[in-house]
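[1] Let's see this in three dimensions:
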Amino acid sequence: MHIFEELRLKAIAVNALLLVLCCFQFGEAQTVSLNEYLTMVKQNHPFFAGESLSVNISVESQARYLGDKDWLVESSPYVSYEDRSGLFNITYNKSSQVQINGSLQKRVWKTGGRLSMAYSSAYSNQDYRTLFSGNPSEFFKQQLSVTYSHPLLKNQGGILDRLEFELAVYTTNFTDIQSQENQEDFLLNAGISFLDWILMEEQLRINRERQLLAEEELKSSKEKYKAHLIDKVDVLRQEDALRIAKQNVVLSQSQASAKQTELAIFAQSPSIAESKPEYDIYNSVTIDDIEEVISRLNGESRLLKALDVLVDQITLRTKGLFNQARPQLDLNVGTVLIEDDESLGRSFGVDNPSLFLGLQFTYPLGNQSEFELQQLKTDKESVFLDLEASIRALSIQINEMESVLELNLGQIESAQERTLEETKIYEQGRGDMTFVIQSQDNEANARLTYLNNAIAYHKLVLQYRALRDQLLDSD
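    Down below sits the predicted model:
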């Protein structure tokens with residue numbers, strides 16, 4: 001029995017040394033955390049630049065309505081020449097006219113009024129056939145007018161002038177929220193891929209440990225066989241166990257390398273190809289009180305905020321339609337200053353004013369509907385219920401999965417104890433190598449089960465964080 005104990009202790013020592021060297025090798029590698037990886041994705045992946053552009057496009061589209069606030073300038077120069085010398089019923093032989101017209105118009109958004117100013121300068125030269133025609137043959141004319149129209153019913157306060165711009169503001173806000181929601185979903189998928197990478201790296205680590213153990217067991221079995229302590233079949237069984245362990249390592253290595261390359265390309269960061277994931281996969285996460293979370297949904301959820309924006313937009317549009325259907329009653333006030341003279345200088349002394357004041361009334365026929373607004377409010381209630389149901393379901397799954405992980409730990413401890421007992425029985429000559437190998441495989445499978453459940457647990461946590469809009473703003 002002394003030989004069995006010596007060989008077992010030697011195998012344990014070598015195994016421990018290899019594990020330490022393996023861990024030291026991995027420890028030298030650069031690490032990247034989940035939040036660091038998500039930050040890289042946000043900074044480097046073109047999807048996020050595209051989402052920002054969609055918001056910028058909406059902002060630019062909104063800004064074009066601001067042009068309605070600017071002054072509108074118009075100008076229309078006019079030149080004419082007529083030769084009527086051969087006509088008998090015309091009082092002049094030749095006529096020359098030059099006229100320049102210019103105007104400024106502006107919408108007053110705060111009042112809905114229209115302010116316009118117009119100026120006209122004209123020159124006329126006519127060659128009259130009789131000396132006593134009663135009109136000067138050459139004269140200059142200047143005219144200046146200012147007009148303001150103020151709405152008393154329709155477009156009162158400028159609601160219709162500002163309507164398209166203000167509706168576009170809501171469209172921009174909705175686009176921004178929708179863009180953030182798209183980015184949140186994108187980061188959720190990226191986070192799940194990161195957890196898959198951790199899963200594959202951990203599977204690789206466990207399978208490597210299983211291979212190291214199988215190699216030491218095979219080495220020990222060969223030494224025992226040379227000492228005529230075991231049969232040849234035990235060595236063959238251990239060789240099969242080692243081949244299976246090597247196959248699992250190769251498979252795990254290929255999966256981990258492929259996922260690592262995929263993540264490096266996704267984040268446009270070659271350093272990830274030389275890194276190891278840093279994440280405490282076996283650590284539990286504390287989530288907020290579920291009732292408090294539900295009570296804050298209306299103020300925190302992007303989906304509900306997006307629907308609020310649409311409700312406000314429809315409310316404003318309905319208000320605009322209602323105003324559009326009102327009778328139009330405008331107060332028009334203005335003045336015109338005019339002067340003409342044979343001298344250009346004296347024609348600028350405009351001292352013949354005229355004033356006007358009047359009302360303009362029109363009555364359109366129309367109607368409106370609030371069905372769309374009611375539908376949005378109903379949609380918001382539906383979305384709220386969907387969010388509440390999903391949050392509560394995820395909370396239950398997270399809590400229950402923590403209990404499952406506790407059971408997995410117990411399963412691992414039981415498998416380890418069984419392996420020790422099977423090894424002890426075998427070394428005493430009362431057992432079979434098959435049971436030892438089977439027990440070792442059960443222990444490795446228990447650890448893999450624990451790993452898979454831990455990954456599933458943190459994926460649930462990631463979905464919970466995304467549902468609460470906590471991924472996009474976390475660095």
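[2] which one is residue 80 nearest to, not counting chain neighbours?
    Excluding the flanking residues, the one nearest residue 80 by CB to CB, 6 or more residues apart in numbering is residue 97, at 4.7 Å. Just so you know, the C-beta spots here come from the backbone N, C-alpha and C atoms, and that holds for glycine as well.
[3] ugh, typo on my part, it should be residue 372
    Using CB to CB, 6+ apart, the nearest residue to residue 372 is residue 314, at 5.6 Å.
[4] one step back: number of residues surrounding the residue nearest to residue 80?
    14 (other CB atoms under 10 Å).
[5] secondary structure class for it?
    strand (DSSP: H, G, I helix; E, B strand; the rest coil).
[6] tell me which residues form a beta bridge with it?
    Applying DSSP bridges to residue 97 gives these bridge partners: residue 80, residue 124.
[7] ok, it - contacts?
    78-81, 122-125 (CB atoms under 8 Å, 6 or more residues apart in numbering).
[8] so which strand or helix has the residue nearest to residue 372?
    Per DSSP states H and E, residue 314 falls inside helix 302-324.
[9] Give me the residues contacting that helix.
    Counting by CB under 8 Å, 6+ apart, residues outside helix 302-324 touching it are 154-156, 159-160, 163, 166-167, 170-171, 173-174, 177-178, 180-181, 184, 297-298, 364, 366, 368, 370, 372-373, 376-377, 379-380, 383-384, 387, 469.
[10] and with 7 Å instead?
    With CB atoms under 7 Å, 6 or more residues apart in numbering as the test, helix 302-324 has contacts from 154-155, 159-160, 163, 166-167, 170, 173-174, 177-178, 180-181, 297-298, 366, 368, 370, 372-373, 376-377, 379-380, 383-384, 387, 469.
[11] could you pull out the strands for this protein?
    30-33, 72-83, 92-108, 113-128, 138-151, 275-278, 328-341, 352-362 (DSSP state E).
[12] quick one: which of the ones you listed has the weakest pLDDT on average?
    With a mean of 58, strand 352-362 has the lowest mean pLDDT of these.
[13] before we move on, back to that, how far does the helix holding residue 314 sit from its chain's centre?
    22 Å (CA atoms, centre = their mean, to the nearest Å).
[14] before we move on, what about stretch 437-449?
    For stretch 437-449 - counting by CA atoms, centre = their mean - the centre lies 44 Å from the chain centre.
[15] who's in contact with that stretch?
    203, 206, 210, 213, 237-238, 241, 408, 411-412, 415-416, 418-419, 422.
[16] Would you mark the buried spots in the helix holding residue 314?
    Buried residues in helix 302-324, counted by 16 or more other CB atoms under 10 Å: 302-314, 316-317, 320-321, 323-324.
[17] cool, stretch 463-475 as well?
    In stretch 463-475, counting by 16+ other CB under 10 Å, buried: 463-469, 471-472.
[18] what does stretch 408-418 give?
    Under 16+ other CB under 10 Å, the buried positions of stretch 408-418 are 408, 411-412, 415-416, 418.
[19] Mind putting the residues you listed into TSV with distance to residue 227 and pLDDT?
    Converted to TSV, these look like this (distance: CB to CB, whole Å; pLDDT from 0 to 100):
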residue	distance to residue 227	pLDDT
408	39	93
411	36	92
412	33	92
415	29	90
416	28	90
418	27	90
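[20] any idea which of those residues is closest to residue 432?
    For those, the closest approach to residue 432 (CB to CB) belongs to residue 418, at 14.1 Å.
[21] ok, the closest one - contacts?
    residue 439.
[22] Confirm for me that residue 230 is in contact with residue 222.
    No. Contact between residue 230 and residue 222 fails when scored by CB atoms under 7 Å: they sit 9.5 Å apart.
[23] For those two, indicate the residue with more neighbours.
    When residue 230 and residue 222 are compared for neighbours, residue 230 comes out ahead with 20 against 15, by other CB under 10 Å.
[24] Tell me how far the closest residue to the more buried one other than its chain neighbours lies from residue 194.
    Sequence neighbours aside, residue 224 is the residue nearest to residue 230 in space, at 4.6 Å (criterion: CB to CB, 6+ apart). Noted for residue 224: a distance of 45 Å to residue 194, by CB to CB, to the nearest Å.
[25] what does residue 123 give?
    Residue 123 is 80 Å from residue 194, by CB to CB.
[26] Low-confidence bits of this protein, can you list those?
    1-29, 67-70, 83-93, 128-136, 323, 325-332, 334-370, 474-475 (pLDDT under 70).
[27] neighbours around the spatially closest residue to residue 164 that is not a sequence neighbour, how many?
    Closest residue in space to residue 164, ignoring its immediate chain neighbours: residue 65 at 5.1 Å, by CB to CB, 6+ apart. By the measure other CB under 10 Å, the count of residues near residue 65 is 17.
[28] Please, where are all the helices along the stretch 351-475 of the chain?
    371-427, 433-467 (DSSP state H, counting those that start in this stretch).
[29] could you dump the ones you listed to CSV with distance to residue 277?
    CSV is the format used below for the helices of the stretch 351-475 of the chain (distance: least, CB to CB, whole Å):
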stretch, distance to residue 277
helix 371-427, 19
helix 433-467, 11
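[30] so which of the ones you listed comes closest to residue 103?
    helix 371-427 (40.5 Å).
[31] tilt between that closest one and helix 302-324?
    170 degrees (axes from the mean of the first three to the mean of the last three CA atoms, to 10 degrees).
[32] Just the angle for helix 371-427 relative to helix 433-467, thanks.
    Using the same axes, to 10 degrees: helix 371-427 against helix 433-467 is 160 degrees.
[33] one step back: higher neighbour count, residue 224 and residue 194?
    More crowded of residue 224 and residue 194, by other CB under 10 Å: residue 194, with 27 against 19.
[34] Now that the more buried one has come up, it's in contact with residue 39, right?
    No. Counting by CB under 7 Å, residue 194 sits too far from residue 39 to count as a contact (11.8 Å).
[35] Relative to residue 121, how far out is the residue nearest to residue 80?
    Residue 97 is 12 Å from residue 121, by CB to CB.
[36] rewinding a little: going by distance to residue 263, which of the contacts of stretch 437-449 wins?
    The closest of the contacts of stretch 437-449, once distances to residue 263 are taken by CB to CB, is residue 203, at 16.1 Å.
[37] what residues are up against the nearest residue to the closest one once chain neighbours are set aside?
    The shortest distance from residue 203 to any non-neighbouring residue, by CB to CB, 6+ apart, is to residue 252 (4.7 Å). Going by CB under 7 Å, 6+ apart, residue 252 touches 200, 203-204, 207.
[38] likewise residue 98?
    Residue 98 neighbours (CB under 7 Å, 6+ apart): 79, 123.
[39] any idea how far it lies from residue 73?
    Distance from residue 98 to residue 73, by CB to CB: 20 Å.
[40] again, but for residue 391
    For residue 391 relative to residue 73 (CB to CB), the value is 58 Å.
[41] Would you mind telling me which of those two has the busier surroundings?
    Between residue 391 and residue 73, counting by other CB under 10 Å, residue 391 is the more crowded of the two (20 against 9).
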